[in-house]
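**Student:** this one's structure only:
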């Protein structure tokens, strides 16, 4: 290979190396562009131009009037083409809330279920009443503008199965059903059905079922539960007020120790000003002796329409 050819190849190699080096360092100074895989979604939220202390200062706690001022549209973005609803909720809360409200909400495990947003109980928050005066309107105005969101629930302490379900936690399909909240598990109230299973079984209605008038009651009970082929049945509200009462009748010979089918019908009217919508269906063992030691009853919770 002659000297001219060698020199030409060397120069070409240097040019290639220089070009590669230039492109490499130039790329480091470029701002990445948003491509097809990294789209920006714009999310709109509402804010107030008023100072919150004008409405919420300890003396004046006018949350309703402050809420009316939350009308100015602003926007923020998220680098997701199709953000989930909970992502939209958290993005809006982060952008639309201020001060301690913003700080505390960012630490809570906020959930959404069937269009209802659940905000866990806020504890040990200094000045909570003043902060919540402006915080609740900021949260509720903005979340209720999200398509599909119909309600915001500021959860109280979870004390039972119903509270746990209301926060949107999953339900374990055991019997009775169970719901887990934090490190605790809550069991659904089914009355004393399991305790009385060897004496009386209820086919319909089932515990926690919604009922309306006329109510048909069916099941099986040991012959000893009857007297002259029947036993009394009561429907009460949660406070123990009797809504309806009647008699369950054996469908076959009751003079046996085996299970005998029974049926009863209760007709009733309800008044929300008098009765609560939660109640109990009570199937009492007939006790002609009148002795308290012979009393017994199956009691299950129902929801009264």
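**Tutor:** On my side now, so go ahead. Since this is a predicted model, take the numbers as computed values, not measurements. Numbering: from 1, shown residues only.
**Student:** following the worst-scoring helix or strand of the chain on mean pLDDT, which helix or strand shows up next?
**Tutor:** Ranked by mean pLDDT, DSSP states H and E, the weakest helix or strand in the chain is helix 3-28, scoring a mean of 57. Downstream of helix 3-28, the next assigned helix or strand under DSSP states H and E is strand 41-48.
**Student:** neighbouring contacts of whichever helix or strand comes after that following strand?
**Tutor:** Where DSSP H and E defines the elements, the next helix or strand beyond strand 41-48 is helix 63-67. With contact meaning Cβ atoms under 8 Å, 6 or more residues apart in numbering, helix 63-67 is reached by 48, 50, 52, 54-56, 132-134, 136-137, 140-141. Placement of C-beta: from N, CA and C, glycine included.
**Student:** Which positions within stretch 95-109 qualify as buried?
**Tutor:** 95-97, 100-101, 104-105 (16 or more other Cβ atoms under 10 Å).
**Student:** Oops, could you answer that again for stretch 46-64 instead?
**Tutor:** 46-48, 52, 55-56.
**Student:** same check, this time on stretch 173-180
**Tutor:** Going by 16+ other Cβ under 10 Å, stretch 173-180 has these buried residues: 178-179.
**Student:** Tell me the pLDDT of the residue lying closest to residue 108 once chain neighbours are set aside.
**Tutor:** Leaving aside its chain neighbours, residue 108 sits nearest to residue 120 (5.1 Å; criterion: Cβ to Cβ, 6 or more residues apart in numbering). For residue 120, the pLDDT comes out at 81.
**Student:** Okay, residue 120 and residue 301: tell me how far apart.
**Tutor:** 26 Å (Cβ to Cβ, to the nearest Å).
**Student:** can you check residue 228 too?
**Tutor:** Residue 228 is 29 Å from residue 301, by Cβ to Cβ.
**Student:** Which of the two has more residues huddled nearby?
**Tutor:** Set residue 228 next to residue 301 and count neighbours by other Cβ atoms under 10 Å: residue 301 wins out with 17 against 10.
**Student:** What about residue 207, how many residues nearby?
**Tutor:** Per other Cβ under 10 Å, the neighbour tally for residue 207 reads 19.
**Student:** need the contact list for it.
**Tutor:** Per Cβ under 8 Å, 6+ apart, neighbours of residue 207: 176, 188-191, 193, 300-302.
**Student:** Quick one: neighbours of residue 214, just the number.
**Tutor:** By the measure other Cβ under 10 Å, the count of residues near residue 214 is 10.
**Student:** how long is stretch 153-161 from one end to the other?
**Tutor:** One end of stretch 153-161 sits 17 Å from the other (Cα to Cα, to the nearest Å).
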